[in-house]
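Novice: I would like to see how this sequence folds:
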Amino acid sequence: MDETALIHEMPYEAMRDICELLDSGDIWTEIVPFMPGIANNDVDGCKKYAVSDKTGYGPTWLLLRIWASKGYSILDLYIVFAHAKMVRCMEMMRGLVNSKHHYLEQLCIGEGRVSSAARVSAANTSQSGTRPHQNWSQAGSRNSGAEHGGPSSSSVRPPTAADTHASSSTDDSARIFTGLQNTPQVSYHELELATDNFAKNQMIGKGGYGVVYRGEWKQTKVAVKRLHAGVDRGNQFEKERLRQSLQELRTLAKYRHDNILPLYAFSLDGPEPCLVYQFMANGSLEDRILCREGSLPLSWRQKLDIAEGAARGLHFLHTIGRTPIIHGDVKTANILLDKHLEPKLGDFGLSRDGQVEADAEEKFPLIASHIKGTLAYLPPEFITSKILSTKLDVYSFGVVLLELATGLRAYIDTREPHGLADYCAVIDEKNDHKPMPIFNQLVDKRTPTHGAEIDEAFFSRLLRVGLQCSKKDRAERPTCKEIVEDLVAKI
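Specialist: Next up, the predicted model:
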């Protein structure tokens, strides 16, 4: 078994045994603090939907599926169990990871920590167990610092480089606040008034690290993103929450473009950081593709215009600086539409300074351990090796184009293949790349028709560019400049 395989590819027997063990007494909640990318709403969802008569799966299974969707591997999970001192779970996975990592089990035992079996026994007699020390060091993310692809013995000890982290954080903050000189700062109290004290009926969106509210500020409709407080989630969650907040501030304050979501103001004087954006009257592209809240389907011309605008925004990010800005989380939920259906790229919490994809002999793509996202939008080289380049955004945008063409979701469990990029590629191959059979099988039938010939021309433009963008070999994917040129070409 390849230890770098995603968690959901684990053999059924091992997954079943681990889930049964951790479901007992809700022990699964003890590994959550060591899992980057698992947010409060993910935990709530596991508790809510893990009812046997609804799903047939327990909370541990759901939790591991969610984490796998963010690109985490079997080895990552093994290291999480090491952090949590759950030796019994590590033993269940021993045959799935390289033997060079097995010393972690002895290290856990040697530190005198309780094993997971003891935790189960305690949980069966008392529901009030102690939470493990929260000291995730991110060694499980296959980061670039792991020279041999595995953790060092320090990966299961509390971090000792606090000064380095503090210095890095200070440097980042200085750069960010320099870029905010022309962005107004607003008091938290003003935003409480603007959103009716962050009333539940003002909520318009909820993500991993924040909640977005509708509000009115200075006689203007706005969207206010309030970052989670991260209660009971540990220092690592707090660091990630603040990092994403500051990263989004940095990107939005520094770069202005017609197709990048405008940042009006920010607030850092309250219990949670807040960002104030332009209110996007037509919601997300995902909402419009799925015709949520009774909205009318987009026309083919509207779809192509939205695709073109979003591509221009990405091209701007990739080319504006000496090094490109990689969005890192391009998907239909993060492409927002104003009252004129003009697309704006949003949610820059995962954006990174990276590099342009170049000849492999000239440059080596940046390796990232922080970028997360929905699995269906992530390219193979990122899932397996965390390779980060502009071609990550290109692949993700290709999936967006395929969603526009077909109206299908990016990932469906009951579909084979599950991912939309693979599914469309299979259909294309089966039909020998013939336009009309593919059109008849894949076209979004909710899109208003203008006649088969015109519809097929728009559909094929989106599909062809989408398939090219989502090639498995990143060298075969176009640049965003080429994508824009292809989309604006006359039909």
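Novice: Assign Val276 to helix, strand or coil.
Specialist: strand (DSSP: H, G, I helix; E, B strand; the rest coil).
Novice: among the helices and strands of the chain, which has the poorest mean pLDDT?
Specialist: Here the helix or strand of the chain ranked lowest by mean pLDDT, DSSP states H and E is helix 116-125, holding a mean of 40.
Novice: Endpoint to endpoint, stretch 291-306 covers what distance?
Specialist: 16 Å (CA to CA, to the nearest Å).
Novice: what comes up buried for it?
Specialist: Pro297, Leu298, Trp300, Gln302, Lys303, Leu304, Asp305, Ile306 (16 or more other CB atoms under 10 Å). Bear in mind the C-beta positions are built from the backbone N, C-alpha and C, glycine included.
Novice: Who are the contact partners of the third one?
Specialist: In this case it means Trp300. Thr447, Pro448, His450, Ile454, Asp455, Phe458, Phe459 (CB atoms under 8 Å, 6 or more residues apart in numbering).
Novice: pretty sure Ala84 contacts Glu30?
Specialist: Yes: with contacts counted by CB atoms under 8 Å, Ala84 reaches Glu30, the gap being 5.7 Å.
Novice: where do the helices sit along the stretch 251-400 of the chain?
Specialist: Ranges of helices in the stretch 251-400 of the chain, per DSSP state H, counting those that start in this stretch, are 285-289, 300-319, 380-385, 390-406.
Novice: need the ones you listed in JSON lines with distance to Ser187, can you?
Specialist: Below are these laid out as JSON lines (distance: least, CB to CB, whole Å):
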{"stretch": "helix 285-289", "distance to Ser187": "31"}
{"stretch": "helix 300-319", "distance to Ser187": "31"}
{"stretch": "helix 380-385", "distance to Ser187": "40"}
{"stretch": "helix 390-406", "distance to Ser187": "35"}
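Novice: Sitting in helices, which of the contacts of Trp300 do you find?
Specialist: Ile454, Asp455, Phe458, Phe459 (DSSP state H).
Novice: Which member of those is positioned nearest Val43?
Specialist: Distances from Val43 to those, taken as CB to CB, are shortest for Phe459 (40.2 Å).
Novice: my guess is the closest one contacts Asn440, does it?
Specialist: No: with contact defined as CB under 8 Å, Phe459 does not reach Asn440; the gap is 10.2 Å.
Novice: Distance of the closest residue to Glu216 other than its chain neighbours relative to Arg94?
Specialist: Using CB to CB, 6 or more residues apart in numbering and skipping residues adjacent in sequence, the residue nearest Glu216 is Ala194, 5.8 Å away. Separation of Ala194 from Arg94 (CB to CB, to the nearest Å): 54 Å.
Novice: Quick check: next helix or strand after the helix or strand encompassing Lys48?
Specialist: Here Lys48, judged by DSSP states H and E, is contained in helix 40-49. Later in the chain than helix 40-49, the nearest helix or strand by DSSP H and E is helix 59-69.
Novice: Which other helices and strands does that next one contact?
Specialist: helix 12-23, helix 40-49, helix 74-83 (3 or more CB pairs under 8 Å, 6 or more residues apart in numbering; DSSP states H and E).
Novice: Try it again at 7 Å.
Specialist: If you count contacts as 3 or more CB pairs under 7 Å, 6 or more residues apart in numbering; DSSP states H and E, helix 59-69 packs onto helix 12-23, helix 40-49.
Novice: Just put those helices in JSON lines and tack on distance to Lys206 and mean neighbour count.
Specialist: Output for the helices and strands packed on helix 59-69, formatted as JSON lines (distance: least, CB to CB, whole Å; neighbours: other CB atoms under 10 Å):
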{"stretch": "helix 12-23", "distance to Lys206": "26", "mean neighbour count": "17"}
{"stretch": "helix 40-49", "distance to Lys206": "6", "mean neighbour count": "16"}
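Novice: looking at these, which has the lowest confidence?
Specialist: The minimum mean pLDDT among the helices and strands packed on helix 59-69 belongs to helix 40-49 (a mean of 79).
Novice: Tell me the helices and strands packed up against it.
Specialist: Using 3+ CB pairs under 7 Å, 6+ apart, helix 40-49 sits against helix 59-69.
Novice: where's Asp76 relative to Leu62, distance?
Specialist: In terms of CB to CB, Asp76 sits 17 Å off from Leu62.
Novice: Looking at the ones in helices among the contacts of Trp300, state which has the most neighbours.
Specialist: Neighbour count (other CB atoms under 10 Å) singles out Phe459 as the most crowded of the ones in helices among the contacts of Trp300, with 22 neighbours.
Novice: one step back: more neighbours: which of Ala84 and Glu30?
Specialist: More crowded of Ala84 and Glu30, by other CB under 10 Å: Ala84, with 28 against 20.
Novice: Give me the pLDDT for that one.
Specialist: 88.
Novice: cool, Gln134 as well?
Specialist: 32.
Novice: Glu381 against Ile387, yeah?
Specialist: Yes: contact criterion CB atoms under 7 Å: Glu381 and Ile387 qualify, at 4.3 Å.
Novice: quick one, domains of the chain?
Specialist: 7-143, 162-278, 285-488 (automatic domain parsing).
Novice: closest one to Met1 among those domains?
Specialist: That would be, of these and by CB to CB, domain 7-143, which comes in at 4.7 Å.
Novice: my guess is Asp347 meets Leu336, correct?
Specialist: No: the criterion here is CB under 7 Å, and Asp347 misses it with Leu336 at 8.7 Å.
Novice: picking that back up, reformat the domains of the chain into TSV and put distance to Met1 next to each item.
Specialist: Formatted as TSV, the domains of the chain follow (distance: least, CB to CB, whole Å):
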stretch	distance to Met1
domain 7-143	5
domain 162-278	28
domain 285-488	14
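Novice: re the thing from before, which of the helices of the stretch 251-400 of the chain is buried the deepest?
Specialist: helix 390-406 (a mean of 27; mean count of other CB atoms under 10 Å).
Novice: picking up where we left off before, can you pick out the residue with more neighbours from Asp76 and Leu62?
Specialist: Ranked by neighbour count (other CB under 10 Å), Asp76 and Leu62 place Asp76 first, with 26 against 21.
Novice: so how far is Leu64 from that one?
Specialist: Taken as CB to CB, the span from Asp76 to Leu64 is 11 Å.
Novice: again with Pro184
Specialist: In terms of CB to CB, Pro184 sits 43 Å off from Leu64.
Novice: of those two, who's got more company?
Specialist: When neighbours are counted by other CB under 10 Å, Pro184 and Leu64 differ, and Leu64 comes out ahead with 25 against 12.
Novice: Spatially, what comes nearest to the more buried one if we skip its sequence neighbours?
Specialist: Nearest to Leu64 is Ile7, by CB to CB, 6+ apart, at 5.1 Å.
Novice: Please determine how far that neighbour is located from Arg65.
Specialist: Counting by CB to CB - Ile7 and Arg65 are separated by 8 Å.
Novice: Of the two, give the one with the bigger neighbour count.
Specialist: Between Ile7 and Arg65, counted using other CB under 10 Å, the more crowded position is Ile7 (23 against 17).
Novice: what about the more buried one, distance to Tyr72?
Specialist: 6 Å.
Novice: Listing request: residues of this protein with sub-threshold pLDDT.
Specialist: 49-56, 110-182, 207-209, 229-253, 349-373 (pLDDT under 70).
Novice: Run through the strands of it in chain order.
Specialist: 203-206, 210-217, 220-227, 263-267, 274-278, 325-326, 335-337, 343-345, 352-353, 366-367, 387-388 (DSSP state E).
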